[in-house]
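A.B. asks: Build the 3D model from these lines:
(chains A and B)
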Amino acid sequence: MASSLIADIKQRVIGIVREQFNLELDDFSSEIPPRTELGDLAFPVAFELAKRLKAATGEKKNPRELAAKLAAGLSHIPGVAKVEIAGAGYLNIFFDRTQMFSQLVNQFSTTGHRPPTTDKIIVEHTSINPNKAAHIGHVRNSVLGDTVVRILKATGDNVETHNYIDNTGVQVADVVVGFMHLENKSLADIQALAEREVTSRADSFDYYCWDLYARVGQWYEEDKTRLAIRAQTLHEIEAGNNATSEIGEFISSKIVDCHLDTMARLDISYELLARESEILHLHFWAHAFEKLKASGVIVFETEGRNKGCWVMRAEERVGDGESGRAGEESEHDADKIIVRSNGTVTYTGKDIAYHLWKLGKLGLDFYYHPLRKDHRGNDVWITTGDDAAASANRPPFGNGTAFLNVIDVGQSYPQANVKKAVMLLAATEEEKSKVSRSAHLAYEKVTLSADAAKELGVESDGAVSMSGRKGLGVKADDLIDRLEANALKEVQARHTDISEEEQKNIAHKIAVAALRYFLLKYTRTSIIAFDFKEAMSFDGETGPYIQYSAVRANNIFRKLGRPPNDVQGDLASATAEQINGFFAGESGNDLWSLVYFAARLEDVARLSADAFEPTHVAKYAFQLAKQFNLFYHHHHILSETDDTRKMLLLLVADVARRTLEQSLALLGIETPERM
RNA sequence: GCGCCCGUAGCUCAGUUGGAUAGAGCGUUUGACUACGAAUCAAAAGGUCGCACGUUCGAGUCGUGCCGGGCGCACCA
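C.D. replies: Next up is the predicted model:
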């Protein structure tokens, strides 16, 4: 919230340096001092200045003396209470606590905004192969994507959320093979299986397919010639309009339903499900091919290893130049084949076509119809290749200015090629700069700790990769069930006076908090070794811990008998001297550090949005919760006898409470009324 | 061979564009509840930030070279 103030101070410093030292300073860094006593903002600018002066005049200057000269010129800035020199030459700024606090009390959105824009960023996440139940690794993708969407929206972006459905891929084919060749089931049999009433999670259709998929993998292992059946099945699914593709269509649609149900439990939804079958049948590739050829992004090789292929060439060709051994090709070639010599297109080619559509550059569109309502009551749309089934009044999907793809880090190479091709096709510099915001939001996988693997029946020394092929993994619904059951036990032990329905509702929110925070507390590039004990914990650095501190804050107001927004109006009854006194001294420093930390949500949200890294918000929320708990223990508000002090303590609690709830909301975590 | 990621406390991990005394959770030890509900808090112990040079007033952060681990580099998706 202090960003304009920071910019103001920087301009002043640059002016002083220009006047007194005849030097033109560029932008310089600011930081937050390690302790509240040192101020709210620090500029190490005197160190830089000393270096510049030495370079200009050859004379060595003491940074501390330089800082003093700068400080002298920084008096009387509105919002700044004090400027000090500290350490070896830090210029430390103390904000006007009374003014900032008053602003914060009356400010309701603290996440900040970008300037209004018509730009639209299309975020694709989840994109699970629709052939079996979702596991914890898939959930990492969905939670990351969903949280990035929340943070981007909160900081002012227009976002459209897609979930890509690879309904014509090998993984679907494998389950089709399982039903047709291992179980000799007809479409009607499979439909009966999928739609029967089940009482146990283990009997649900996506769990059934989970096991079947593993059995098919085993079946191929026993006799490799059976892989020919897979190839044939895949071919029929891709072609469409046959008995096999109908089975594939049914299975994948049913599993997509299961996935949507699973994700809804974590408060995750989508605006559009884009299916691969449409990309195939509506001939997206043929259009993209013409554009790529016409623009020279891909070229036809008439000689060499890639003879007969259309390739996208790497910028720097291996073996070029005089010093290199020209003609002798390296073992690996950086050029990417887009169309094979037999005329078929590679996955990267299809993905380029899809991404040209995302940016409105393909000249073709899907047909759409609403698939179902999500848990919030909004329509979830899905693509269709059948214009007769299309809905006329659909939202304006696609035509984004940039895309963001949440896909595991293993896909970095093809993703880089997709972005490269799309950038090469951008027409203007302006468009290029907008498209360049596109990114592959790469994240590392979730593996199983040795303990978790053991619990699932696999002995190992260290972490073990999950494997759908082997049927090894922690299913999302199982984990959520366990979290909810554990949370319910805790809630029941604490709250016997509320209905079972309400208890379950609270337990659900706690379970979601635990799981989402567990997946967000790690940076994207860190491999998560999944451990049941850690993931199921409600203590320490966990979602429920943060919820608990927000609930504590709420409890103060409930006990008080007044809602927070009522208390906010009381601030006017305090004089500036009273508020100054409140924030003075050692105790005042502690109170101020909580308030000042709460004021930083906007900066953190922005940092998180720019880096597409939700963990910054997660870590911030936890630190804020910790600080609030500290405050909670130091100050027993309701027994405070000084009315003004009590009122100000309530307002501090309210600022923390609001910021905690907003931070949690950015993480997709709700704050229960009680817990 | 080339490219990317990781290496920080016993374990799991944070650490803005280089900044002040390297942090947190778990675990261990020891304390604090007839309550704004202890799903909490306080305290202690625990570090050659993989190694070595270099750049800098200043390096966990930047550069180079090693060591160790993971993943890519298909006319697979």
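A.B. asks: isn't A:Gln411 right next to A:Leu441, touching?
C.D. replies: No. At 10.8 Å, A:Gln411 does not count as touching A:Leu441 under the criterion of CB atoms under 8 Å. In this view, the C-beta of every residue, glycine as well, is placed from N, C-alpha and C.
A.B. asks: So the two - more neighbours on which side?
C.D. replies: A:Leu441 (21 against 15; other CB atoms under 10 Å).
A.B. asks: How is the more buried one assigned, secondary-structure-wise?
C.D. replies: Judged by DSSP: H, G, I helix; E, B strand; the rest coil, the three-state class of A:Leu441 is strand.
A.B. asks: Pull the number of nearby residues for the closest residue to RNA strand B within chain A.
C.D. replies: Nearest residue of chain A to RNA strand B (CB to the nearest atom of the strand) works out as A:Gly540 at 2.3 Å. Residues lying near A:Gly540 (other CB under 10 Å) number 9.
A.B. asks: so who does it touch?
C.D. replies: Contact analysis of A:Gly540 by CB atoms under 8 Å, 6 or more residues apart in numbering lists nothing.
A.B. asks: Now do the end-to-end distance for stretch A:74-87.
C.D. replies: Start-to-end span of stretch A:74-87 (CA to CA, to the nearest Å) is 19 Å.
A.B. asks: Over to stretch A:560-571?
C.D. replies: Terminal-residue distance, stretch A:560-571 (CA to CA): 17 Å.
A.B. asks: Whether that stretch contacts RNA strand B - can you check?
C.D. replies: No. Stretch A:560-571 stays clear of RNA strand B (CB under 7 Å from any atom of the strand), getting no nearer than 7.6 Å.
A.B. asks: for stretch A:408-423, same thing?
C.D. replies: Yes. Counting by CB under 7 Å from any atom of the strand, RNA strand B has neighbours in stretch A:408-423: A:409-414.
A.B. asks: same thing with stretch A:37-46?
C.D. replies: Yes. Residues of stretch A:37-46 are located near RNA strand B by CB under 7 Å from any atom of the strand, namely A:38-39, A:42, A:44.
A.B. asks: For that stretch, list every residue counted as buried.
C.D. replies: Of the residues in stretch A:37-46, A:38-46 count as buried by neighbour count, 16 or more other CB atoms under 10 Å.
A.B. asks: Likewise for stretch A:538-555?
C.D. replies: For stretch A:538-555, by 16+ other CB under 10 Å, it's A:538, A:541-554.
A.B. asks: And the helices in the stretch 501-650 of chain A, which stretches?
C.D. replies: Under the criterion DSSP state H, counting those that start in this stretch, helices of the stretch 501-650 of chain A are mapped to A:532-535, A:543-560, A:564-567, A:576-582, A:585-598, A:601-611, A:615-634, A:643-666.
A.B. asks: I'd like to know which elements the second one is packed against.
C.D. replies: Using 3 or more CB pairs under 8 Å, 6 or more residues apart in numbering; DSSP states H and E, the elements in contact with helix A:543-560 are helix A:500-520, helix A:564-567, helix A:615-634, helix A:643-666.
A.B. asks: now the first one
C.D. replies: Taking 3+ CB pairs under 8 Å, 6+ apart as contact, the helices and strands that helix A:532-535 lies on are helix A:450-455, helix A:500-520.
A.B. asks: send the alpha carbons of it over as CSV?
C.D. replies: Taking Å, rounded to 0.1, in the frame of the first residue of the first chain, the C-alpha atoms of helix A:532-535 are listed here in CSV:
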residue,chain,number,x,y,z
PHE,A,532,0.6,-39.0,5.0
LYS,A,533,1.6,-37.7,8.4
GLU,A,534,2.7,-34.3,7.0
ALA,A,535,-0.2,-33.9,4.6
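A.B. asks: which residues touch that helix?
C.D. replies: Helix A:532-535 has contacts (CB under 8 Å, 6+ apart) with A:136, A:451-452, A:455, A:474, A:479, A:514-515, A:518.
A.B. asks: how about 6 Å then?
C.D. replies: With contacts defined as CB atoms under 6 Å, 6 or more residues apart in numbering, helix A:532-535 is touched by A:452, A:518.
A.B. asks: so A:Val297 sits right up against A:Met423, yeah?
C.D. replies: No. The pair A:Val297 / A:Met423 is not scored as a contact, 9.6 Å apart, by CB atoms under 6 Å.
A.B. asks: Compare those two (neighbour count), which wins?
C.D. replies: A:Val297 (20 against 14).
A.B. asks: list the buried ones in stretch A:203-211?
C.D. replies: Residues of stretch A:203-211 classed as buried by neighbour count (16+ other CB under 10 Å): A:204-210.
A.B. asks: correction: stretch A:177-189
C.D. replies: A:177-180, A:185, A:187.
A.B. asks: Count the neighbours of the closest residue in space to A:Val474 that isn't next to it in sequence for me.
C.D. replies: Leaving aside its chain neighbours, A:Val474 sits nearest to A:Ile136 (4.4 Å; criterion: CB to CB, 6 or more residues apart in numbering). When counting by other CB under 10 Å, one arrives at 23 neighbours for A:Ile136.
A.B. asks: Low-confidence ranges, the stretch 101-250 of chain A, go.
C.D. replies: Within the stretch 101-250 of chain A, the segments meeting pLDDT under 70 span A:109-110.
A.B. asks: show me where it has helices.
C.D. replies: Using DSSP H, counting those that start in this stretch, helices in the stretch 101-250 of chain A cover A:136-154, A:170-177, A:187-195, A:205-222, A:227-239, A:243-265.
A.B. asks: can you redo the helices of the stretch 501-650 of chain A as a markdown table with mean pLDDT?
C.D. replies: Formatted as a markdown table, the helices of the stretch 501-650 of chain A follow (pLDDT from 0 to 100):
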| stretch | mean pLDDT |
| --- | --- |
| helix A:532-535 | 94 |
| helix A:543-560 | 97 |
| helix A:564-567 | 92 |
| helix A:576-582 | 95 |
| helix A:585-598 | 93 |
| helix A:601-611 | 94 |
| helix A:615-634 | 96 |
| helix A:643-666 | 96 |
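A.B. asks: Walk me through the domains of chain A.
C.D. replies: As assigned by automatic domain parsing, chain A contains the domains A:3-95, A:121-272, A:450-535, A:543-666.
A.B. asks: Now render those as JSON lines, adding distance to A:Arg372.
C.D. replies: Below are these laid out as JSON lines (distance: least, CB to CB, whole Å):
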{"stretch": "domain A:3-95", "distance to A:Arg372": "42"}
{"stretch": "domain A:121-272", "distance to A:Arg372": "7"}
{"stretch": "domain A:450-535", "distance to A:Arg372": "18"}
{"stretch": "domain A:543-666", "distance to A:Arg372": "25"}
